[in-house]
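Student: heads up, no residue letters with this:
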């Protein structure tokens, strides 16, 4: 019986809203922005620090901060730990996601969840994607300009590719991880129906 759903996604395909509707339909807990807040709580940092690190490898600035930190001769007692960065985010994120998965009945969006939870038999993994035009349409509907939408579509997934390669040594998307990969151009309700039908079909086959 599946108790956890992870949703990995291409930027702009509407995964956040689909995940919200799916969790609501199931009566499960959604972990999207809530996951950022939980990682921040466990790491004792501001949520904005986590947001800056999510699904990104170290930026040049962050690397410079680390070099500066190591070379500092004046360290206060409350600054013994290095600044919160992607390495620490991944470490805490894995801890948080494993705890969330143990509780069950949840939908987790991104943040490396399919990789952290890949060995769990009670977790159903979904990858959502869409044609470029569909992604731009969805982003523009949120009030963003076409130029900004194009810039984000062209850059965010490249960061995710680097993130997964750096921290998991894998290609993104790692197709073998997912039970289903769905084109969201079919519409949110169609995507949700496909996820639920596929999940229940596999559950039935395992039960036989």
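Tutor: Ah, there it is. Just so it is clear, the model here is predicted, and its values are computed rather than measured. Numbering: from 1, shown residues only.
Student: distance of residue 118 from residue 177?
Tutor: Applying Cβ to Cβ, to the nearest Å, the value for residue 118 to residue 177 is 6 Å. The way it works is simple: take the backbone N, C-alpha and C, and place the C-beta from them, glycine included.
Student: intersection of neighbour lists for these two?
Tutor: Residues touching both residue 118 and residue 177 by Cβ atoms under 8 Å, 6 or more residues apart in numbering: residue 125.
Student: need the contact partners of stretch 88-104.
Tutor: Here stretch 88-104 makes contact (Cβ under 8 Å, 6+ apart) with 3-4, 29, 31, 35, 38-39, 42-43, 50, 53-54, 82, 106, 108, 111-113, 116-117, 120, 122-123, 167.
Student: ok, of these, which come out buried?
Tutor: 3-4, 31, 35, 38-39, 43, 50, 53-54, 106, 108, 111-113, 116-117, 120, 123, 167 (16 or more other Cβ atoms under 10 Å).
Student: any stretches of the protein with poor pLDDT?
Tutor: Low-confidence segments of the chain, defined by pLDDT under 70: 53-84, 207-208.
Student: can we see that at 90?
Tutor: Across the chain, the ranges flagged by pLDDT under 90 are 33, 35-37, 39-40, 42-93, 111-112, 155-156, 158-160, 162-164, 166-167, 203-208.
Student: what about the longest helix in it?
Tutor: helix 146-168 (DSSP state H).
Student: next, the buried residues of that helix.
Tutor: The neighbour-count check on helix 146-168 (16+ other Cβ under 10 Å) flags 149, 150, 152, 153, 157, 159, 160, 163, 164, 167, 168 as buried.
Student: let's have those residues in a markdown table, adding distance to residue 143.
Tutor: Formatted as a markdown table, those follow (distance: Cβ to Cβ, whole Å):
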| residue | distance to residue 143 |
| --- | --- |
| 149 | 10 |
| 150 | 15 |
| 152 | 13 |
| 153 | 16 |
| 157 | 21 |
| 159 | 23 |
| 160 | 23 |
| 163 | 27 |
| 164 | 29 |
| 167 | 32 |
| 168 | 34 |
